[in-house]
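# model this:
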Amino acid sequence: MSHDFAGVLLAIHIAREASAPMEELDAARLIEGVGIEGDRYATARGTYSDKPHADRQVTLIEMEALDAVERDYGVRLAPHESRRNLTTAGVPLNHLVGREFRVGDVVLVGGRLNVPCQYLEDLLGKKVFKPLIHRSGLNCRIVKGGTVRPGDRIVPA
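As a prediction, this is how the structure comes out:
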C-alpha cells in the first residue's frame, strides 16, 4: 500500500484551558516535545493533563471525517467543535500511526488514533460519540518544531 499523499492544513485551533472555547489561529508555533504554544496540553491545563501522554502534543482531524459524520449521521460538526488542533484535507490520518510526516516545515509522528469520548458529546450537546468511532483523528508528537499556517502542505517526511 502506498503512503504517498499531499494534503493541506485547513485550520488551527487551541483552547487555553480545559473546556474553554477553541480559538482559531492564523498561525501557531509547535514546540518540539511540548505541544502548541498556548494550548491547554502544552501548559498542562487540559481535561486529560493528569494523564500525560507524549502523543497528545498535537491532535489532527480530517475534514473528510467531519463531512462523513454529517453525511452518515446528520450531525454537523464544525472543525473547532472536534476540539482537535489541526484540521486537514487530503491526509489519510488513520494510516499515519508510527509514521513521520510534515506540516509545512514541522515534522510530526503519528502516535495513536484518537478515540471519541463522552466528554466531547456532553460539552457539545451533540450525539457525536458513535459517529466519531474510527474517525476521531490522530494524536501526534512534535519531532521538529516550527510555525504552521492554514494552507501549509502536509506530506510524508
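
# Pull up the distance across stretch 121-132, start to finish.
For stretch 121-132, the separation between the terminal residues is 10 Å (CA to CA, to the nearest Å).

# what does stretch 124-139 contact?
53, 55-62, 65, 68-69, 72-73, 75, 77, 81-82, 84, 93-94, 96-97, 110-118, 120-121 (CB atoms under 8 Å, 6 or more residues apart in numbering). C-beta coordinates here come from the backbone N, C-alpha and C atoms, glycine included.

# Of the residues you listed, just the buried ones, ChimeraX syntax please.
What follows is the ChimeraX syntax selecting those of these that are buried according to 16 or more other CB atoms under 10 Å:
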select :55,56,57,58,59,60,61,62,65,69,75,77,81,82,84,93,96,110,111,113,114,116,117,120,121
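
# measure the closest residue to E81 other than its chain neighbours to P116 for me?
Taking CB to CB, 6 or more residues apart in numbering, and ignoring the residues beside it in sequence, E81 has L124 as its nearest neighbour in space, at 5.7 Å. As judged by CB to CB, to the nearest Å, L124 and P116 stand 11 Å apart.

# How many residues are close by the residue nearest to E81?
The burial count assigned to L124 is 15, neighbours taken as other CB atoms under 10 Å.
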